[in-house]
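Asks: Take a look and give me a structure for this.
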Amino acid sequence: MKAKNLVLMIASVLTLVLLSSFASAALTVVDKTITNANDNTVTITITNTGPANLIAISLTDTGDFDIDTESIAPFDLIAGNSTTKAINTVTDLKTLDLGTHEVTITATSGSVSDTGTLTFDNNEFCENDNPNSNIRITIEDVTNKGINNKDVSTKFGDDNTWYPLENIEIEVKIENRGNDDIDNIDVEWGLYNPRTNEWLIEDSEKSFDLRDDDDETLTIKLALDENVDEIEDGQYTFYVRATGDDSNTDKTICASDSEKTDVVLEKDLVVLNNIKLQESAQCGSSSQITADVWNIGDRDQDSVSVRVQITDLNISQNIDVGDINSLDKEKLEATLEIPEDADAKTYALKFNVYDEDNNIYETDDQDSVFEVPFKIEGTCGTPLPKATISATLESEAKAGKELAVKATITNTGTELVTYTISAANYAGWASSATIDQETIALAKGQSKDVLIKFNVNKDAEGEQLFDLRVLSNGEVVLSQPVSLTIEKAGFSFGITGAAIGSGNWYLWGIGALNIILVIVIIIVAIRVARS
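Replies: Numbers count the residues shown, from 1 in each chain. So this is what the prediction gives:
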C-alpha cells in the first residue's frame, strides 16, 4: 500500500513538473517589416523563450494579403532556440497598392501560442520593370509655408505636420548618375491616403533632359486647399517619381522617393483664407473686404464670428458669419469706412476668428488670428467726393467669349463731380477690358450706366474677381470688388459675394419672339399653298 502511494506521489510530481514546464513555455514570433520586396518570398523568426522544448509548432496567418503558411510542416523547437522560416506569398507583392499592408502570423504548440506582424511597406511608385541606378530622385527638404493671405503666412502645423489650406514646398533632386543622357524626364508627384488607397492631390512638373553626371533640383508646391472635403485626420505619404528615356538603351527608366507626413484635423478650428481687399484705399473712402471662412475641424461649428480691426485707426467691426459645417466654408464680407484724417501709410489689418462662446479658435501653437497689410494713400485731410456702385451681368459668362458688365455709378455727395471709371485686377481670367464711357459728370444724387466688356481667356473657369474703380481728380473715391462665376453650363454673378440679377431676360424674349415668327411664317405658307 505504501509502495502504491509512493508511485502515485511520484506520478503526481512528474505531472506537475510537466504542466509547470508547459505553463512556463513561451513562444515569440518576431515582427518584421519588408519595404519594396523584389520577390514573393518572406522570412519570419520564431523563438522558444521558455525552459521546455516545444513540439509540432504550426503556423497560421490572417491579414491584408495571403502567405503560404500551410506548406510549412509542423516543427519542433528546443528551449531557448530560434528558427527562421522562408514562406512564399500567395499574393504578388508588386500588385499591392501603395502604402502599408499587414499580416498576422500565429505560431501554436499545444496550449502555447504567440502572434507576430509581418508588414509590407510598398513605397515603390515606379510602374515599369526597368528601375535603373542611372537615375535617382531624392526628397531633399520639406517646408510648411502655412496659410497664405496677401503674402503673409499663418502656420498651424510644421514641416512634418500639415493642416488643411496650408502650403507646402518640397525640394527634390534628380540625378543622372550614368554615362548616357536621359531624355524627356517627367517628374510626377502626389499625396496618397493609405486608408482609402486614393490620391488626395496629384500633379506633374514640366519635362526636361539631363546629360550624363548632371542633376536638377525642383521645388514642388503643394497646396492643401484642393479636395478639402476629402481630407482625413491621419498619416499620408508624399510620393514623387522621375521617369525618362535612356539614350543608350532606349528603355524607359524610373526612380522614386517618398516621405510620410501627418495631416491634422482639430476638433474645433476655423480659419481665414483667400482674404481679398483693394491694393490701396483713400482717406475718407469706403473699402470692401472679402474672405473665405473655413471650418477645418472635424466638428460642425455654430455662430462663428470675425472681428475686423485696424487699431491705429480705431476701426473695429464684429461680423457674424453663422454656422459652418466641417470642412466647408462661408463668405466674410465687410466694409471699412476710412477716416478722412487718416495718415497715408500702411496699417495692420487684423482678423480674429471667434467661436460661439466668443473665444478665439486656437491650436497648441497658433491662435486663429490673421494680419495683412492695409495701405492708405492720397491727400489725407481733404474730403473726397462720395459715390456708390452697383453692377449687373449683361451677357453670358463663358470662357473664350466676350463678357459684358453694366455698372451704375451714383453721386451720393452734394456737388457736381466728374468721375473716371476703370476696371482692374482681371488679368488672371481676361486679356483686356474696355469701357464705353470712361469719364462721366454727375450732379448730386444723379446716376449713370457704363458698359464694361471683357475678353475672357479660353481657360478661365470658376469664381473670378475684378475691381471697379471710381476716381475723381486722380484720387480713388471707391474701389469695389465684383465677383462672377464662369462655368461650362450656366453662371452666377455677384458684387462683394452677394448674388444679383443677371439682367439678360431680354434674351428669353427674343427667343420667344423668334418662335412666334416661325409659326406665323408656317401658317402663311400653308394658306398660300391651299389657295
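Asks: mind listing what's buried in the helix or strand containing Val304?
Replies: When secondary structure is defined by DSSP states H and E, Val304 falls within strand 301-310. By neighbour count, and taking 16 or more other Cβ atoms under 10 Å as the criterion, the buried residues in strand 301-310 are 301, 304-310. For every residue, glycine as well, the C-beta is placed using N, CA and C.
Asks: would you turn those residues into CSV with distance to Glu140?
Replies: Compiled in CSV, the buried residues of strand 301-310 are given as follows (distance: Cβ to Cβ, whole Å):
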residue, distance to Glu140
Gln301, 39
Val304, 40
Ser305, 43
Val306, 39
Arg307, 41
Val308, 40
Gln309, 41
Ile310, 41
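Asks: Mind picking the one among these that's closest to Ser432?
Replies: Ser432 lies nearest to Val308 out of the buried residues of strand 301-310, by Cβ to Cβ, at 33.9 Å.
Asks: how near is that closest one to Ile360?
Replies: Using Cβ to Cβ, to the nearest Å, we find Val308 at a distance of 14 Å from Ile360.
Asks: same thing with Ile220?
Replies: Computed as Cβ to Cβ, the Ile220 to Ile360 distance reads 33 Å.
Asks: More neighbours: these two, which one.
Replies: When Ile220 and Ile360 are compared for neighbours, Ile220 comes out ahead with 18 against 13, by other Cβ atoms under 10 Å.
Asks: Report the next helix or strand after the helix or strand the more buried one falls within in sequence order.
Replies: In the assignment (DSSP H and E), Ile220 maps to strand 215-223. Past strand 215-223, further along toward the C-terminus, the next helix or strand under DSSP H and E is strand 234-246.
Asks: Give me the helices and strands touching that following strand, please.
Replies: When contacts are defined as 3 or more Cβ pairs under 8 Å, 6 or more residues apart in numbering; DSSP states H and E, strand 234-246 sits against strand 135-149, strand 167-176, strand 182-193, strand 252-263.
Asks: any chance of those in TSV, plus mean neighbour count?
Replies: Converted to TSV, the helices and strands packed on strand 234-246 look like this (neighbours: other Cβ atoms under 10 Å):
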stretch	mean neighbour count
strand 135-149	18
strand 167-176	19
strand 182-193	20
strand 252-263	19
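Asks: closest to Glu340 out of those?
Replies: In terms of Cβ to Cβ, the element of those nearest to Glu340 is strand 135-149, at 27.9 Å.
Asks: CA-only coordinates of that closest one, as PDB, when you get a sec.
Replies: Below are the C-alpha coordinates for strand 135-149, written out as PDB (Å, rounded to 0.1, in the frame of the first residue of the first chain):
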ATOM      1  CA  ILE A 135      18.600  57.900 -62.500                       C
ATOM      2  CA  ARG A 136      17.900  58.900 -58.900                       C
ATOM      3  CA  ILE A 137      15.400  61.200 -57.200                       C
ATOM      4  CA  THR A 138      15.700  62.300 -53.600                       C
ATOM      5  CA  ILE A 139      13.400  64.400 -51.400                       C
ATOM      6  CA  GLU A 140      15.900  67.000 -50.000                       C
ATOM      7  CA  ASP A 141      13.700  69.300 -47.900                       C
ATOM      8  CA  VAL A 142      10.100  69.800 -46.900                       C
ATOM      9  CA  THR A 143       8.900  73.200 -45.700                       C
ATOM     10  CA  ASN A 144       5.400  74.100 -44.400                       C
ATOM     11  CA  LYS A 145       4.700  77.700 -45.500                       C
ATOM     12  CA  GLY A 146       1.300  77.900 -43.700                       C
ATOM     13  CA  ILE A 147      -1.900  79.600 -44.900                       C
ATOM     14  CA  ASN A 148      -1.000  82.500 -47.100                       C
ATOM     15  CA  ASN A 149      -3.100  85.700 -47.200                       C
END
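Asks: Show me what that strand is packed up against.
Replies: If you count contacts as 3+ Cβ pairs under 8 Å, 6+ apart, strand 135-149 packs onto strand 152-154, strand 167-176, strand 182-193, strand 234-246, strand 252-263, strand 270-277, strand 369-377.
Asks: circling back to that earlier point, quick one: closest of the helices and strands packed on strand 234-246 to Lys453.
Replies: Among these, the nearest to Lys453 by Cβ to Cβ is strand 135-149 (31.4 Å).
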